[in-house]
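> I need the structure of the sequence given here:
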Amino acid sequence: MPIKIPHLLPAREILEEENIFIMDEGRAKSQDIRPLNILILNLMPEKQKTEVQILRLLGNTPLQVNISFLRTATYESKNTSPFHLEQFYTNFEQVKKNKYDGLIITGAPVELFAFEEVDYWNELKEIMEWSKSNVTSTLHICWGAQAALYHHYQIDKHELYQKCHGIFKHYVLNASDKLMRGFDDTFLAPHSRHTNVELEEINNHPNLEILAASEDAGALIISGNNGRQIMVTGHLEYDSTTLGEEYKRDSEKGLKVHLPLDYFPNNDPSNLPLNNWRSHAHLLFSNWLNYYVYQETPFEWK
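Numbers count the residues shown, from 1 in each chain. Just a heads-up that it's a prediction; the model follows:
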């Protein structure tokens, strides 16, 4: 999918080097189609890394996508330059009158706080509530998935005995769901979190369905409200090196953290990890864009 992003966005150079199809505004305007409008609420600290990771996955199907980035107004990022935020991001007040075909809400490093203790929780609640009538389908990632389960379905998270991080084997539980088309019966995916949600609570909710899960990491892909809300508790968008960078960061802080499971070859941090989840990451985002956004969104929003 060709993605249309701001010309000066730093992610552009990285994506072009990877041969990701990026479209100039002039060419986009000349195409006689309606592009999908996707809004990304980026809550991650290192926003530029997350931009690259998500845009890489949105740029691999045959549709045209217009990307807009959203930031919180009630919390100011400490890890991204104000210039970058001012140039490439907007706030909710500026977009809340718009309609979007898709919304992506990323994770955030706030999972050990109660939801109500997060600085921007009220703002996020307003955005999630707004999405119910202004967005065709919303994809929530990691803490964003837990926030959606809590806000929309009253399912809370609980703290784990030790951090769940590494590469885990998952099973497809409903191969007939459109989101899982093309998935192998089992596949690998990264997790990196200190909290979890109970499988039993999700299974007992009439408006939720677990589409893929791990015996060790729990639910991974959850569909709610007939695909209007998709929750992914892991990080299929992660680069090959991301878990290693997080492990190094936590170790240097003196935190008690074990090696990411099944990540470093021979469990040796000096060995470069292999990416064995990339194809299913592309498939997940492609299926979401095609089946739950493109096939469901109106040609003209009213």
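> thought His280 was touching Leu188, still the case?
Yes: counting by C-beta atoms under 8 Å, Leu188 does reach His280; the two are 7.5 Å apart. The way it works is simple: take the backbone N, C-alpha and C, and place the C-beta from them, glycine included.
> tell me where the protein has strands.
Along the chain, the segments classed as strands by DSSP state E run 3-4, 36-41, 65-70, 89-90, 100-105, 135-141, 158-172, 186-196, 208-214, 218-224, 229-232.
> CSV for these, including distance to Leu274?
Output for those, formatted as CSV (distance: least, C-beta to C-beta, whole Å):
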stretch, distance to Leu274
strand 3-4, 27
strand 36-41, 28
strand 65-70, 29
strand 89-90, 34
strand 100-105, 26
strand 135-141, 22
strand 158-172, 9
strand 186-196, 10
strand 208-214, 19
strand 218-224, 20
strand 229-232, 21
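> dump those strands to JSON lines, plus mean neighbour count, distance to Leu255 and mean pLDDT.
Below are those laid out as JSON lines (neighbours: other C-beta atoms under 10 Å; distance: least, C-beta to C-beta, whole Å; pLDDT from 0 to 100):
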{"stretch": "strand 3-4", "mean neighbour count": "23", "distance to Leu255": "36", "mean pLDDT": "62"}
{"stretch": "strand 36-41", "mean neighbour count": "23", "distance to Leu255": "27", "mean pLDDT": "96"}
{"stretch": "strand 65-70", "mean neighbour count": "21", "distance to Leu255": "30", "mean pLDDT": "94"}
{"stretch": "strand 89-90", "mean neighbour count": "18", "distance to Leu255": "30", "mean pLDDT": "96"}
{"stretch": "strand 100-105", "mean neighbour count": "25", "distance to Leu255": "26", "mean pLDDT": "97"}
{"stretch": "strand 135-141", "mean neighbour count": "26", "distance to Leu255": "23", "mean pLDDT": "97"}
{"stretch": "strand 158-172", "mean neighbour count": "16", "distance to Leu255": "9", "mean pLDDT": "96"}
{"stretch": "strand 186-196", "mean neighbour count": "20", "distance to Leu255": "11", "mean pLDDT": "97"}
{"stretch": "strand 208-214", "mean neighbour count": "21", "distance to Leu255": "24", "mean pLDDT": "98"}
{"stretch": "strand 218-224", "mean neighbour count": "24", "distance to Leu255": "22", "mean pLDDT": "98"}
{"stretch": "strand 229-232", "mean neighbour count": "27", "distance to Leu255": "25", "mean pLDDT": "98"}
